[in-house]
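Engineer: Model the structure of this input:
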Amino acid sequence: FIYTNGNTVDGVKVEHTLGEGSWVPTLNKFAQKLGPLGLDSFHMLVVDFMHECELGPWKALFIHLLRLLYALPRGSELVADLDSRFRQVPTFGNGVIRMFSNNTSEMKKLAARDFEDILQV
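Structural biologist: Numbers count the residues shown, from 1 in each chain. This next block holds a predicted model:
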């Protein structure tokens with residue numbers, strides 16, 4: 001479209017085609033070779049959920065899930081089991097997921113990175 005027809009990147013035709021989805025006009029060998037075979041590379045990409053989720057809504061959701069656990073029969077035992085399971089999670093990578101030392105359900109002294117670790121586990 002851009003390369004073969006000579007349309008300019010900031011032209012009206014390209015903006016009309018790419019503008020709504022904020023697409024970037026790129027062409028690479030991967031798309032050239034596998035595109036004609038029907039491969040859509042966007043279906044292969046994994047979205048990092050933490051970057052799609054704000055800290056506030058995630059924290060509110062986590063609190064709500066804890067309240068649901070407490071509302072169940074033997075809720076305190078279930079929350080204690082959840083805390084125990086979080087403490088059993090080993091560290092991963094170089095500071096990617098850190099050890100959960102406290103009771104996660106108490107949410108005391110948790111930074112944004114701690115909520116990110118909870119979400120990843």
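Engineer: what helices or strands is the lengthiest helix in the chain leaning on?
Structural biologist: Counting by DSSP state H, the longest helix found in the chain is helix 55-71. On a contact count with 3 or more CB pairs under 8 Å, 6 or more residues apart in numbering; DSSP states H and E, helix 55-71 meets helix 75-88, helix 112-120. Backbone N, C-alpha and C define where each C-beta goes, glycine included.
Engineer: Could you single out the most deeply buried of these?
Structural biologist: Counting by mean count of other CB atoms under 10 Å, helix 112-120 has the highest mean neighbour count of these, with a mean of 16.
Engineer: Average pLDDT for that helix, rounded please.
Structural biologist: Averaging pLDDT along helix 112-120 gives 77.
Engineer: now it, how far from the centre of its chain.
Structural biologist: Between the mean C-alpha location of helix 112-120 and the chain-wide mean there is a distance of 11 Å, by CA atoms, centre = their mean, to the nearest Å.
Engineer: quick check: angle from that helix to helix 55-71?
Structural biologist: 60 degrees (axes from the mean of the first three to the mean of the last three CA atoms, to 10 degrees).
Engineer: counting contacts, what elements does helix 112-120 pack onto?
Structural biologist: helix 49-52, helix 55-71.
Engineer: Pick the most buried one from these.
Structural biologist: It is helix 55-71: most buried of these by mean count of other CB under 10 Å, with a mean of 13.
Engineer: where does the chain dip in pLDDT?
Structural biologist: 1-3, 9, 18-27, 41-42, 44-53, 95 (pLDDT under 70).
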